[in-house]
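1. what follows is a predicted structure for the sequence shown.
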Amino acid sequence: MQFCHRVPASPLDSFIESIWVYQNDPRPHTLERVMPTGTAQLIVNLKEDQTRLYDPESPHRCVSTSGSVLSGVHTRFQVIDTSEQEYVAGVAFKPGGTVPFFRVPAHEASDADVPLESLWDSRRAAILRERLLECRTIEATLDAFEAVLQEMWRPPGTHPAVAYALAAFDRTPSTINVARVTDTIGLSAKRFIERFKREVGVTPKRYCRIRRFQRALALSHHDRRVDWTRVAMDCGYFDQAHFIHDFRSFAGITPTVYHSVRTSFQNHVKFLQSATDGI
């Protein structure tokens, strides 16, 4: 397995967390859950020009779409096919980071994998894939991806009020802080929520819940034994019942099940159709 990533040069670094390339030996057809992160990704399957989309509630149902997709902000886990992960390149956007690259409002891509050719023109989407496939090294692939993104970048970026709110929420990802932040940004609550949803993909409250869930994953992922009560307290949940309910709403499984089926990647876990195990 080879996973390489890097932060792009300015001005892309203000909107993109990393550009990455993942290569692995051929893998069997198995499914994995991918946890919601509060951010979007642009993913290009370089092994085969298709992406298989699975219904989380009925994973035997599958439809195919383009191999280049914008995976918008998801509010619940996705199901992916590990056999598609043999040779993949992608862009991990920062929260609100899709604004300079796509005209479509972020919330219209939420909970969806949108074919790139429906967001850019089909010629530009094809050029991206062609340039990546021409590369002979991972570094060259990263260079080519960054060059196309530089070409597609258009100012302006994130609205100042949204940027301020994102920084505040990430310091303390608690839904209690939403009203406090709204009071300091100079927009009405309605206008702020509409603007935030348009640029980030979800409402401020939902965003804070997802980021708090991500903090819980980060605190627990590498530990052999996890004190889930302590994790719940450290992440600002009211009590353990509240924590379990929120965790299951995003992951589809309990914290204990997540820990038992986790992989080397924090947001990828082996797929289990049953989530009846308790915490």
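-> Nice, I can see it.
2. can I see the domain layout of this protein?
-> 2-152, 160-255 (automatic domain parsing).
3. pLDDT of the last one, averaged?
-> The average pLDDT for domain 160-255 rounds to 89.
4. next one: the first one
-> For domain 2-152, the mean pLDDT works out to 93.
5. over to it now: how far is its first residue from its last?
-> This stretch, domain 2-152, spans 28 Å end to end (CA to CA, to the nearest Å).
6. with the shortest one instead?
-> Counting by CA to CA, the length from the leading to the trailing residue of domain 160-255 is 36 Å.
7. leaving out sequence neighbours, find the closest residue to residue 168.
-> Spatial nearest neighbour of residue 168, excluding adjacent residues (CB to CB, 6 or more residues apart in numbering): residue 181 at 4.9 Å. Heads up, the C-betas are built off the backbone N, CA and C, glycines and all.
8. residue contacts, the one you found?
-> Taking CB atoms under 8 Å, 6 or more residues apart in numbering, we find residue 181 in contact with 164, 165, 168, 169, 204.
9. quick one: the second one and residue 181, what's the gap?
-> So that's residue 165. Using CB to CB, to the nearest Å, residue 165 is found at 5 Å from residue 181.
10. mutual contacts of those two, please.
-> When CB under 8 Å, 6+ apart defines a contact, the residues bordering residue 165 and residue 181 alike are residue 204.
11. one step back: most neighbours among the contacts of residue 181, which one?
-> residue 165 (28 neighbours; other CB atoms under 10 Å).
12. ok so, going back, now, which of the contacts of residue 181 lie within helices?
-> 164, 165, 168, 169, 204 (DSSP state H).
13. excluding its backbone neighbours, what's nearest the fourth one?
-> Computed as CB to CB, 6+ apart, the closest residue to residue 169 that is not its neighbour in sequence is residue 208, at 5.3 Å.
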